[in-house]
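Participant: what follows is a predicted structure for the sequence shown.
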Amino acid sequence: MIRLHDTRAKKKVEFQPREPGKVSLYVCGVTVYDFCHVGHARTAVAFDVIVRHLRARGFDVRYVRNITDVDDKIIRKGLAEGRPAAEVARIYAEAMAADMDGLGVAVPDIEPRATLHIAEMIDVIRRLEERGLAYAAGGDVYYSVAGFPNYGRLSGQSPEELQAGARIEVGEHKKSPLDFALWKAAKPGEPSWESPWGPGRPGWHIECSAMSHRYLGESFDIHGGGSDLIFPHHENEIAQSEGAFGAFARYWMHSGMLNFGGEKMSKSLGNVVTIRRAAETHDLEALRLLLISVHYRSPAAFNIARDSAGQPAYPDLDEAEARLDYFYRTLERLDTFVGALANPPTPPSSDLATRFVESMDDDFNTAAGIGHLYDAFVMANKLLDDPKVASKPERQSTLTALRRDARLVGATLGIMRQPPAQFLNSRRARQCVQRKIDPQAVESSIAERSAARAAKNFQRADEIRAALKDRGVELMDGPKGTTWRVV
């Protein structure tokens, strides 16, 4: 049984899909007016893991995540850059796809774009007009919030409380400050489409109501997004969709925000970190691990510091990559051990698999799941440190099970998806550049040390090891020779 936290119910509930064995899921995607930042990664990774777990549990998932490719921000960006808004959207949609691929975020089953669904949006608006929930004014069309009694239920606010802080902007023709635009009359230099109310473009909120209805029907299982969308975006979606069709999403799930040292990310504060900027210094799998190391509903920390040269540094990301390094090193040891067995056993599921599934079934608790993975790897390393481990069948079985189930856990979390050597060598190369360590010089020192040891000049061998350690290089002697890492 899977339990999830439903935002509208304000508690964890048992998940009961509309159709047994099937899950329909819609998540609000990115407005493509700039490069994606790590805040976008937070929501994308959270729901990618949720979808992975649902599929691992045997559900047939239909996952829709939209792209907003017409919006005030896109239009302003186009005007500033002297290019059409459509070209701005295309460029940054392609960049988003590359960034999500780097994060290991799978492409959704359907990724509709707003500009390709204008007809569906117009149909929804006309339905709302017919039901007395929409009115035209000055070329615009507005939703009449007064006609929808449940407005504010998702965010836990009453219409009276919301109206106290609302206002009508200059140039708007709304009857009430709470009313919101479904259709905006065309303005010079802006993209527009023909409609029953004259040329214009859709409001932001209507696109998700139209596209979720188009691909998932009048009612579907889960609607998701970042917690910053609860109000007004998702509140308005509910008013539109339930007003037009009488039904909408059964469950609402929201991911927590990133916390930048207690501040919200903004260009004015200079703390906007794009996904591709993080990729310049770290493996994006480390960013993914950082984001899932806390529960998807909780705030995640992403602190920004400065290194000795005054360049941005990301201590939380450093820590996540160090933990990922530990995971890959352990996996490499397990691969080596099991690969050397003459007849590897086929053991049943390990405690790791059982505990991980239990954690994920409890509102997709990735933090607890990663804790179980870490504990299993600590145990694995202790067993592997036993020189007689290969002669003990029960330990062979345990380690073989851990190796298999760790990769199953990794498949759900979207980590440990590289060959261990590939990750470890790439990380070491980056660290050498960052710390100005010459890999060839290190290899030469290792060769000199090996020669000293062969000549039984152990004092010189120890001196070389100590000198390398002072430079941040740790040597590891094994049956196949000496390897090294940056620490």
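Facilitator: Structure received.
Participant: which of the helices or strands spans residue 356?
Facilitator: Residue 356 is part of helix 351-361 when elements are defined by DSSP states H and E.
Participant: now residue 343. Its backbone dihedrals?
Facilitator: Summarising the backbone geometry of residue 343 under the convention degrees, to the nearest 10, its torsions are phi -130, psi 80.
Participant: next: residue 258.
Facilitator: In this entry, residue 258 is assigned phi and psi values of phi -80, psi 140 (degrees, to the nearest 10).
Participant: do residue 324 as well
Facilitator: Dihedral angles of residue 324 (phi, psi; degrees, to the nearest 10) stand at phi -60, psi -40.
Participant: now stretch 7-18: buried residues?
Facilitator: Of the residues in stretch 7-18, those buried by neighbour count under the rule 16 or more other Cβ atoms under 10 Å are 7, 8, 15, 17. In this view, the C-beta of every residue, glycine as well, is placed from N, C-alpha and C.
Participant: now name the helix or strand holding the last one.
Facilitator: When you say that, I think you mean residue 17. Assigning secondary structure by DSSP H and E places residue 17 outside every helix and strand.
Participant: surely it meets residue 25?
Facilitator: No. Because the distance of 9.9 Å does not satisfy Cβ atoms under 8 Å, residue 17 is recorded as not touching residue 25.
Participant: intersection of neighbour lists for these two?
Facilitator: Where contact means Cβ atoms under 8 Å, 6 or more residues apart in numbering, the residues bridging residue 17 and residue 25 through contact with each are residue 221.
Participant: for whichever strand or helix holds residue 483, packing partners?
Facilitator: According to DSSP H and E, residue 483 maps onto strand 481-486. If you count contacts as 3 or more Cβ pairs under 8 Å, 6 or more residues apart in numbering; DSSP states H and E, strand 481-486 packs onto helix 420-435, helix 439-454, strand 473-478.
Participant: now do the helix holding residue 356: which elements does it pack against?
Facilitator: The helices and strands touching helix 351-361, judged by 3+ Cβ pairs under 8 Å, 6+ apart, are helix 366-384, helix 393-413.
Participant: next one: it to chain centre, how far?
Facilitator: Averaging C-alpha positions (Cα atoms, centre = their mean, to the nearest Å) puts helix 351-361 21 Å from its chain's average.
Participant: what comes up buried for it?
Facilitator: Along helix 351-361, the positions that meet the burial threshold by neighbour count (16+ other Cβ under 10 Å) are 352, 353, 355, 356, 357, 359, 360, 361.
Participant: same deal with stretch 479-487?
Facilitator: With burial defined by 16+ other Cβ under 10 Å, the residues of stretch 479-487 counted as buried are 484, 486.
Participant: tell me which residues are up against it.
Facilitator: Applying Cβ under 8 Å, 6+ apart, the set of residues contacting stretch 479-487 from outside is 424, 428, 431-432, 435, 437, 442, 446, 449-450, 468, 472-476.
Participant: can we see that at 7 Å?
Facilitator: The list of residues contacting stretch 479-487 from outside it, by Cβ atoms under 7 Å, 6 or more residues apart in numbering, reads 428, 431-432, 435, 437, 442, 446, 450, 472-476.
Participant: same question for it, mean pLDDT?
Facilitator: The predicted model assigns stretch 479-487 a mean pLDDT of 90.
Participant: check the offset of it from the chain's centre.
Facilitator: In this view, stretch 479-487 has its centroid 34 Å away from the chain centroid, taken as Cα atoms, centre = their mean.
Participant: list the buried residues in the one helix or strand in the chain whose mean pLDDT sits lowest.
Facilitator: Each helix and strand of the chain was given a mean pLDDT (mean pLDDT, DSSP states H and E); the minimum falls on helix 159-164 at a mean of 74. Of all the residues in helix 159-164, those buried under the rule 16+ other Cβ under 10 Å are 159, 162, 163.
Participant: so is residue 345 in a helix, a strand, or just coil?
Facilitator: In the three-state summary, residue 345 is assigned as coil, counting by DSSP: H, G, I helix; E, B strand; the rest coil.
Participant: just the angle for the helix holding residue 356 relative to helix 366-384, thanks.
Facilitator: Our comparison of helix 351-361 with helix 366-384, counting by axes from the mean of the first three to the mean of the last three Cα atoms, to 10 degrees, yields an angle of 170 degrees.
Participant: contacts for helix 351-361, please.
Facilitator: Residues beyond helix 351-361 that count as contacts (Cβ under 7 Å, 6+ apart) turn out to be 1-3, 53, 365, 368-369, 372-373, 376, 402, 405-406, 408-409, 412.
Participant: of these, grab the buried ones for ChimeraX.
Facilitator: Only the buried entries of the contacts of helix 351-361 go into this ChimeraX selection, using 16+ other Cβ under 10 Å:
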select :2,53,365,368,369,372,373,376,402,405,406,408,409,412
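Participant: of the contacts of helix 351-361, which one scores lowest on pLDDT?
Facilitator: Within the contacts of helix 351-361, residue 1 has the lowest pLDDT, namely 93.
Participant: show me what the residue nearest to it when sequence neighbours are not counted bridges to in the sheet.
Facilitator: Nearest-residue entry for residue 1: residue 14, 6.0 Å, with adjacent residues in sequence omitted and distances by Cβ to Cβ, 6 or more residues apart in numbering. According to DSSP bridges, the residues that bridge with residue 14 are residue 3.
Participant: heads up, I number from 585, so please use that
Facilitator: In the new numbering, first residue 585, that becomes residue 598.
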